[in-house]
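Colleague: structure of the sequence below:
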Amino acid sequence: IGDDSLIGPDTQVGEKSSIKHSVIGSSCVIRDRVTITNCLLMNSVTVEEGSNIQGSVICNTKRVNEVIVGNDQLMEI
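Modeller: Reported below is the predicted structural model:
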């Protein structure tokens with residue numbers, strides 16, 4: 001987890017996951033081998049193992065299991 005990122009309370013980050021230039025809300029679950037760069041994840045988001053998210057905003061209580069590359073857009077998955 002980079003010094004340039006904020007992680008909310010009760011959020012779990014799995015092994016070998018990378019979080020850079022991002023803000024992660026509370027009660028999120030970031031599984032193993034996840035890469036998150038330049039993102040905003042709202043509260044209670046689950047990011048499944050091996051996902052790669054860049055430049056995205058992910059709304060509450062969503063489950064992500066894919067590669068997402070946003071263009072500074074609000075994305076509801």
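
Colleague: per-residue pLDDT, Phe11?
Modeller: That one is not Phe; residue 11 is Thr. Thr11 is assigned a pLDDT of 96 by the prediction.

Colleague: what's the neighbour count on the closest residue to it other than its chain neighbours?
Modeller: Distances taken as C-beta to C-beta, 6 or more residues apart in numbering place Cys28 nearest to Thr11, at 4.3 Å, with adjacent residues excluded. Backbone N, C-alpha and C define where each C-beta goes, glycine included. By other C-beta atoms under 10 Å, 22 other residues sit near Cys28.

Colleague: distance check, Thr46 against Asp32.
Modeller: Applying C-beta to C-beta, to the nearest Å, the value for Thr46 to Asp32 is 13 Å.

Colleague: so for those two, which sits in the more crowded spot?
Modeller: Between Thr46 and Asp32, Thr46 has the larger neighbour count (other C-beta under 10 Å), namely 18 against 12.

Colleague: isn't that one up against Gly25?
Modeller: No - counting by C-beta atoms under 8 Å, Thr46 sits too far from Gly25 to count as a contact (11.6 Å).

Colleague: no further questions, thank you.
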